[in-house]
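Q: Sharing a model prediction with you, sequence too.
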Amino acid sequence: MSLNVIVLAAGQGKRMHSDLPKVLHPLAGQSLLGRVIDTARSLEASKIVVVYGHGGDRVRKAFENDTTLAWAEQKEQLGTGHAVMQALPLVDKEAAVLVLYGDVPLIRAESLHKLVKASWGALAVMTAIAEDATGYGRIVRDASGRMLRIVEQKDATESERAIREWNTGFLAASAERLSNWLSRVRNENAQKEYYLTDIIGLAVADGIVVRTTQPAQVWEVEGVNSRRQLAELERIHQREVANALLEKGVTLADPARFDVRGVLECGRDVSIDVNCVFEGAVKLGDRVRIGPNCVLKNVTIEAGTEVNPFSLLEEATVGANCRIGPYARLRPGAVLSDEVHIGNFVEVKNSNVGSGSKANHLAYIGDSDVGSKANIGAGTITCNYDGVNKHRTIIEDEVFVGSNSTLVAPVRIAKGSYIGAGSIISKDTPPGQLTVARAKQVTIPAWKPPVKKKG
């Protein structure tokens, strides 16, 4: 039997106090809904139907490039049962159906696999145990432990409110049975809503077995209704990522001060100091060391490289045994070969830097190709933009560029060239020669400094 997934994502999220639909708020760099959809895909679902409502246009637009999703609109917010009914016409008639929630982002695929398996020939509901289940629907069982129904907090009696087992909302059943039960649900409750949970009582009345499963961790089924809850789940997620890296041998100076907003892959003996952020896909080779307060986004770094404090690397590739920073910036398109030094307040953008080359202080290298063993002096900049178009600067092997030099592209600095400090180079240089391009120094003997006017 194929699996279809319905994701309920129509809630407004008033307690978020935000114009952004709740399910689009990010957790670890990805929207809540995006995380749930990715989990659904990991179950190899043949169809994923997203039920949207509040902020629907923005929700759909956020996934406009994903043509595999089906969308069902819930125009009126009449409860979870009503929401699932909007999706059922898009569901395969012979499929097993799993119901997920767009604001419960940390549910694990393993827990959902267990729930789906339990639904074969039955109705399966995921429950959890809490010391205080206030606010949740309670699981009502008979004396033998057989599940009878779910009662919502506002409809529960005093004894029912004392029950510690609560409904997570996740359930699975065949599309045929789910459709039949929902057609019989009524809104005779305090909220005047069509509760999805009412199908449990209908299943019991029909003689269908109701099975329950539980997640490995309670936080898997915790939802986001406020900024506080979002922040709490963020830290839980980051703690789990940190623990996984520690188990693989990565050194984290402080696992509580560490954020991965994507995928971080580490080799052996990698060391990461405090307050570092990793976004997108980041790959760190063996013995890479990341200093404190660094941000890396979509970066690959080869073995033995050290990134010193307060450096920002984005869409860059760094070779082995390089030294970056402190306070360095690698912008998109920066490609560094082995043993390159990019020092404090040096920026590299859309440039290739050859092995053994150095720019240790206060330099800008943009739209350039730098050969091997070149030295770029402090204060050097490549003038790559003429106001309309970008032009490239070619700096060949073993070039020495003196401090405070300006290289006006397009220009080629030939192999072994020396550029005198303070030069403005706008023409190609000959190989192995010293080129100096600066105005003649002049002293004005009669010059006097200005005097401030009185009054």
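A: Noted; the coordinates are in hand.

Q: What segments of the stretch 151-300 of the chain are strands?
A: Taking DSSP state E, counting those that start in this stretch to define them, one finds strands in the stretch 151-300 of the chain at 165-174, 210-213, 251-252, 258-266, 271-272, 276-284, 289-290, 295-297, 300-301.

Q: May I see those organised as CSV, with mean pLDDT added?
A: Below are the strands of the stretch 151-300 of the chain laid out as CSV (pLDDT from 0 to 100):
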stretch, mean pLDDT
strand 165-174, 96
strand 210-213, 96
strand 251-252, 98
strand 258-266, 97
strand 271-272, 98
strand 276-284, 98
strand 289-290, 98
strand 295-297, 98
strand 300-301, 98
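
Q: how about those strands in a markdown table, adding distance to Ala128 and mean neighbour count?
A: The way it works is simple: take the backbone N, C-alpha and C, and place the C-beta from them, glycine included. Formatted as a markdown table, the strands of the stretch 151-300 of the chain follow (distance: least, C-beta to C-beta, whole Å; neighbours: other C-beta atoms under 10 Å):
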| stretch | distance to Ala128 | mean neighbour count |
| --- | --- | --- |
| strand 165-174 | 5 | 23 |
| strand 210-213 | 10 | 20 |
| strand 251-252 | 30 | 16 |
| strand 258-266 | 26 | 19 |
| strand 271-272 | 33 | 22 |
| strand 276-284 | 31 | 20 |
| strand 289-290 | 37 | 22 |
| strand 295-297 | 36 | 21 |
| strand 300-301 | 40 | 22 |
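
Q: Relative to Pro26, tell me which of the ones you listed wins on proximity.
A: strand 258-266 (8.0 Å; C-beta to C-beta).

Q: show me the contacts for Gly11.
A: 22-23, 53-54, 77, 102-103 (C-beta atoms under 8 Å, 6 or more residues apart in numbering).

Q: Buried ones among those?
A: 22-23, 53-54, 102-103 (16 or more other C-beta atoms under 10 Å).

Q: So which of these sits lowest on pLDDT?
A: Within the set of the buried ones among the contacts of Gly11, pLDDT is lowest for His54 (78).

Q: Next, the contact list for that residue, please.
A: 10-13, 21-22, 77.

Q: Same list (those residues) but as JSON lines, adding distance to Ser423 and secondary structure.
A: Supplementary listing: these in JSON lines, determined by distance: C-beta to C-beta, whole Å; DSSP: H, G, I helix; E, B strand; the rest coil:
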{"residue": "Ala10", "distance to Ser423": "65", "secondary structure": "coil"}
{"residue": "Gly11", "distance to Ser423": "64", "secondary structure": "coil"}
{"residue": "Gln12", "distance to Ser423": "63", "secondary structure": "coil"}
{"residue": "Gly13", "distance to Ser423": "60", "secondary structure": "coil"}
{"residue": "Pro21", "distance to Ser423": "56", "secondary structure": "coil"}
{"residue": "Lys22", "distance to Ser423": "58", "secondary structure": "helix"}
{"residue": "Gln77", "distance to Ser423": "69", "secondary structure": "coil"}
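
Q: Out of those, the closest to Leu230 would be?
A: Lys22 (9.1 Å).

Q: what's the longest helix in the protein?
A: helix 227-247 (DSSP state H).

Q: between that one and strand 276-284, how big is the angle?
A: Put simply, helix 227-247 runs at 40 degrees to strand 276-284, going by axes from the mean of the first three to the mean of the last three C-alpha atoms, to 10 degrees.

Q: in helix 227-247, what's buried?
A: 230, 233-234, 236-238, 241-242, 245.

Q: Ser119 and Arg211, how far apart?
A: 7 Å (C-beta to C-beta, to the nearest Å).

Q: Show me what the longest helix of the chain packs onto, helices and strands only.
A: strand 26-27, strand 251-252, strand 258-266 (3 or more C-beta pairs under 8 Å, 6 or more residues apart in numbering; DSSP states H and E).

Q: Can you give the distance from the first one to the centre of its chain?
A: Counting by C-alpha atoms, centre = their mean, to the nearest Å, strand 26-27 is centred 7 Å from the centre of its parent chain.

Q: quick one: strands adjacent to it?
A: According to DSSP bridges, strand 26-27 has the following sheet partners: strand 30-31 (antiparallel).

Q: Check the secondary structure at the nearest residue to His361 once chain neighbours are set aside for me.
A: The shortest distance from His361 to any non-neighbouring residue, by C-beta to C-beta, 6 or more residues apart in numbering, is to Ala378 (3.8 Å). Under DSSP: H, G, I helix; E, B strand; the rest coil, the three-state class of Ala378 is coil.

Q: average pLDDT for stretch 55-72?
A: 93.

Q: Show me this structure divided up by domain.
A: 3-221, 238-435 (automatic domain parsing).

Q: Could you dump these into a markdown table with distance to Pro449 added?
A: Formatted as a markdown table, the domains of the chain follow (distance: least, C-beta to C-beta, whole Å):
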| stretch | distance to Pro449 |
| --- | --- |
| domain 3-221 | 56 |
| domain 238-435 | 24 |
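
Q: least reliable of these going by mean pLDDT?
A: Minimum mean pLDDT among those: domain 3-221, a mean of 94.

Q: Distance from the chain centre to that one, please.
A: Worked out by C-alpha atoms, centre = their mean, domain 3-221 lies 24 Å from the chain centre.

Q: measure Ala95 to Ala118 for me?
A: With C-beta to C-beta as the criterion, Ala95 and Ala118 are 16 Å apart.

Q: same question, Asp254
A: 40 Å.

Q: And for the nearest residue to Ala421 once chain neighbours are set aside, the neighbour number?
A: Nearest non-adjacent residue to Ala421, counting by C-beta to C-beta, 6+ apart: Gly402, 3.4 Å away. By other C-beta atoms under 10 Å, 21 other residues sit near Gly402.
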